[in-house]
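Asker: Would you be able to build a 3D model of this:
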Amino acid sequence: MNEGSGDWAPVDFERQGREVLASIRAHFEQVRDVPVARPSTASRLIRDLDIDLPEHGEEFSRVLADTWEKVVPDLVQWNHPAFHGYFSSCASFPGVLAETLTAALNVNAMLWKTSPAASALEQVVLRWLADLAGYPGDADSVLVNGASLATLYALAAARDAALDHDVRVEGMAAPHAAVARIYTSDQAHSSVEKAAIVLGIGQRNVVHIPTDERYRMREDLLAQAIAADLAAGRVPVAVVATVGTTSVAAADPLASIAEICRWYGVWLHVDAAYGGFFPLVPQLRDRIEDVSVGDSLVVNPQKTLFVPLEATALYCARSGALANTFRLVPEYLTSADADADADADADADADGTVDYMNLSPQLGRSFRALKLWWVLRTFGRAGLERRLGHAVELAAELRRRAGEEPGWQCPAPSVYPLVCLRYVPGSRDGEGGPGPIDRAAVDELNARIVHEVNASGLAYVSHSVIRDGYVIRVSFGNIHTTADDVDRLWTELNRAAEKCR
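Answerer: Alright, predicted model coming up:
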């Protein structure tokens, strides 16, 4: 071992790596005995972790032991079969190993010349993902950090395409610049407003279109809003439609929204970060919105395809639009064998090479394609279909149980494996209690149930507030979750409800 250097000889790396893999194996072999989360305080965590920087390097065995003893127990275990919060996800073992190799190789996939195979593999997996989602495989595309950034990048391109001045040069403060507007539903992800802030459009100019009884954007009100803005001299930049909203996993009616966007010449961005890959499930195929109508699309394999964070795919059917916004090549990044005066609209050369730095603001880029390649190849289309279908079945079982148990309601049914529950003592699903319901009291009761479940360490859920009130969100997405885990979750929910009522 290279004493004092902090690094290891390759043979020692293998030995230490075996220890790490063995500890990961032990963790997952007993994962159901591991609390999904445990109560902690910031003061305790800081006290345990905030030691002075060592003057000399420590033995790795001590570092590894401290990791499992002082760090892992106070993490929320997102890769746990009883984690059902937010949009639960899963890092499959092929993806975990791919991340290890990616870190070891440590290539930068910013330009074709900086790592040709990484860029070529990115093209391949992006075509595969487009096929799984039902989007044109020849669209401009790029792997990015997350869905929020993908939406930001798409809306930046939409802004530049919509405004009649050169935003790249003059910014949003150009003389006589019109007010830009973005339209989305009142159920849309907060990333839309964040994008408006970053792009200089502003939260005030994000128009939230009301939703119908199924929490889908009302296309009639969308058309009215666009027409009113045009009459007032404002510029409609984009409509953001969602397939799998955060609160209830609703899907906006894409076909009719796309018609409105075509009529008014407005960019349609489809946020299918959650719902984009569920056409793989046969029983849902005819019930899923067609994402191919979007000018741009975000899908998130890190949410539903068992790929470790971070791995998100952004597509743009408007050829060259992303490059028009982001391509800026300093001399030190030009290719000696490339035409330095290449058309700024082009993001791919005639021979198929792609410089991915041109399709987003990011320059240094990790080799994200490898983990996607490993996961997609080891699972195959059929394996992904089975796994997603299993999650849908688990969610249906929980809905069935809630429908049969007095007091429990499912106020916003979804075809996706997200279940919204609300506990109203004395009621049956779809009905109120024996007398007038004190909504505030019921909301507070459900909030206590969420706290009680999460404090138990036996399961982890999240919440949202919808028209019916405070709801308990239960998401299924972990590859290790079984019907027995649904049994345990249902028992814990009822125990918490009984204790809190």
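Asker: residue ranges for the strands of the protein, please.
Answerer: Ranges of strands in the chain, per DSSP state E, are 140-144, 180-185, 206-209, 235-242, 267-272, 296-299, 312-316, 408-409, 418-423, 462-466, 469-475.
Asker: what's the domain layout of this structure?
Answerer: 12-37+76-91+380-501, 135-352 (automatic domain parsing).
Asker: okay if I get the ones you listed as a markdown table plus mean neighbour count?
Answerer: Any C-beta I mention is one placed from the backbone N, CA and C, and that applies to glycine too. Output for the domains of the chain, formatted as a markdown table (neighbours: other Cβ atoms under 10 Å):
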| stretch | mean neighbour count |
| --- | --- |
| domain 12-37+76-91+380-501 | 18 |
| domain 135-352 | 20 |
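Asker: Take the strands of the chain and write them to TSV, including mean pLDDT and distance to residue 47.
Answerer: Listed next are the strands of the chain as TSV, based on pLDDT from 0 to 100; distance: least, Cβ to Cβ, whole Å:
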stretch	mean pLDDT	distance to residue 47
strand 140-144	98	37
strand 180-185	98	44
strand 206-209	98	42
strand 235-242	98	42
strand 267-272	98	41
strand 296-299	98	41
strand 312-316	98	36
strand 408-409	96	41
strand 418-423	98	37
strand 462-466	97	28
strand 469-475	98	33
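Asker: now these in JSON lines, with distance to residue 11?
Answerer: Below are these laid out as JSON lines (distance: least, Cβ to Cβ, whole Å):
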{"stretch": "strand 140-144", "distance to residue 11": "34"}
{"stretch": "strand 180-185", "distance to residue 11": "55"}
{"stretch": "strand 206-209", "distance to residue 11": "56"}
{"stretch": "strand 235-242", "distance to residue 11": "51"}
{"stretch": "strand 267-272", "distance to residue 11": "46"}
{"stretch": "strand 296-299", "distance to residue 11": "41"}
{"stretch": "strand 312-316", "distance to residue 11": "37"}
{"stretch": "strand 408-409", "distance to residue 11": "58"}
{"stretch": "strand 418-423", "distance to residue 11": "47"}
{"stretch": "strand 462-466", "distance to residue 11": "45"}
{"stretch": "strand 469-475", "distance to residue 11": "43"}
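Asker: which stretch among those strands comes nearest residue 46?
Answerer: Evaluated with Cβ to Cβ, the strands of the chain place strand 462-466 nearest to residue 46, the distance being 25.3 Å.
Asker: Show me what the closest one is packed up against.
Answerer: Other elements packing on strand 462-466 under the criterion 3 or more Cβ pairs under 8 Å, 6 or more residues apart in numbering; DSSP states H and E are helix 439-456, strand 469-475.
Asker: Now tell me what touches it from outside.
Answerer: With contacts defined as Cβ atoms under 8 Å, 6 or more residues apart in numbering, strand 462-466 is touched by 84-86, 215, 246-248, 411-412, 420, 443, 446-447, 450, 470-473, 475.
Asker: ok, 10 Å please
Answerer: With contacts defined as Cβ atoms under 10 Å, 6 or more residues apart in numbering, strand 462-466 is touched by 83-88, 187, 211, 215, 245-248, 250, 411-412, 420-422, 443, 446-447, 449-451, 454, 470-475.
Asker: repeat for stretch 477-484
Answerer: For stretch 477-484, contacts defined as Cβ under 10 Å, 6+ apart pick out 28, 31-32, 77-84, 86-93, 274, 303-306, 379, 387-388, 390-391, 393-395, 397, 416-418, 485, 488-489.
Asker: Narrow those residues to those in helices?
Answerer: 28, 93, 303-304, 379, 387-388, 390-391, 393-395, 397, 485, 488-489 (DSSP state H).
Asker: Next, format the domains of the chain as JSON lines and append distance to residue 67.
Answerer: Formatted as JSON lines, those follow (distance: least, Cβ to Cβ, whole Å):
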{"stretch": "domain 12-37+76-91+380-501", "distance to residue 67": "8"}
{"stretch": "domain 135-352", "distance to residue 67": "18"}
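Asker: I'd like to know which of those lies nearest to residue 98.
Answerer: Closest among those, using Cβ to Cβ: domain 135-352, at 8.0 Å.
Asker: Need the distance between the two termini of the closest one.
Answerer: End-to-end distance for domain 135-352: 20 Å, by Cα to Cα, to the nearest Å.
Asker: now do stretch 176-196
Answerer: End-to-end distance of stretch 176-196 (Cα to Cα): 20 Å.
Asker: same deal with stretch 308-319?
Answerer: Start-to-end, stretch 308-319 (Cα to Cα) is 29 Å.
Asker: how far is it from where the chain is centred?
Answerer: In this view, stretch 308-319 has its centroid 11 Å away from the chain centroid, taken as Cα atoms, centre = their mean, to the nearest Å.
Asker: rewinding a little: quick check: which of the domains of the chain is nearest to residue 48?
Answerer: Ranked by Cβ to Cβ, the member of the domains of the chain that lies closest to residue 48 is domain 12-37+76-91+380-501, at 16.7 Å.
Asker: What distance separates the opening and closing residues of the closest one?
Answerer: Between the opening and closing residues of domain 12-37+76-91+380-501 there is a gap of 57 Å (Cα to Cα).
Asker: Surely residue 80 is in contact with residue 88?
Answerer: Yes - Residue 80 lies in contact with residue 88 (Cβ atoms under 10 Å); the separation is 8.9 Å.
Asker: can you list residues touching both of the two?
Answerer: Common neighbours of residue 80 and residue 88, using Cβ under 10 Å, 6+ apart, are 460, 478, 481.
Asker: In CSV, list the residues you listed along with distance to residue 21 and pLDDT.
Answerer: Listed next are the shared contacts of residue 80 and residue 88 as CSV, based on distance: Cβ to Cβ, whole Å; pLDDT from 0 to 100:
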residue, distance to residue 21, pLDDT
460, 26, 98
478, 20, 96
481, 23, 97
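Asker: Nearest spatial neighbour of residue 72, chain-adjacent residues omitted?
Answerer: Nearest residue to residue 72, sequence neighbours excluded (Cβ to Cβ, 6 or more residues apart in numbering): residue 27, at 7.6 Å.
Asker: from the shared contacts of residue 80 and residue 88, which single one is nearest residue 176?
Answerer: When those are compared for distance to residue 176 (Cβ to Cβ), residue 460 wins out at 52.4 Å.
Asker: contacting residues for that closest one?
Answerer: 35-37, 76-78, 80, 82-86, 88, 450, 453-454, 474-475, 489.
Asker: next one: residue 20
Answerer: Residues in contact with residue 20, defined by Cβ under 10 Å, 6+ apart, are 60, 64, 67, 100.
Asker: Residue 454 versus residue 492, what's the distance?
Answerer: Separation of residue 492 from residue 454 (Cβ to Cβ, to the nearest Å) stands at 10 Å.
Asker: Show me what the helix or strand of the chain with the lowest mean pLDDT is packed up against.
Answerer: Of the helices and strands making up the chain, the lowest-confidence element is helix 167-170, at a mean of 90, by mean pLDDT, DSSP states H and E. Applying 3 or more Cβ pairs under 10 Å, 6 or more residues apart in numbering; DSSP states H and E, one finds that helix 167-170 makes contact with helix 147-162, helix 321-326.
Asker: what about residue 74, distance to residue 313?
Answerer: According to Cβ to Cβ, residue 74 stands 32 Å off from residue 313.
Asker: ok, now residue 390?
Answerer: When distance is defined by Cβ to Cβ, residue 390 is 23 Å away from residue 313.
Asker: now swap in residue 180 and tell me
Answerer: To residue 313, residue 180 is 26 Å away according to Cβ to Cβ.
Asker: what does residue 15 give?
Answerer: 37 Å.
Asker: list residues touching both of residue 492 and residue 454?
Answerer: residue 461.
Asker: and which of the shared contacts of residue 80 and residue 88 is nearest residue 334?
Answerer: Proximity of the shared contacts of residue 80 and residue 88 to residue 334 (Cβ to Cβ) peaks at residue 478, which lies at 45.5 Å.
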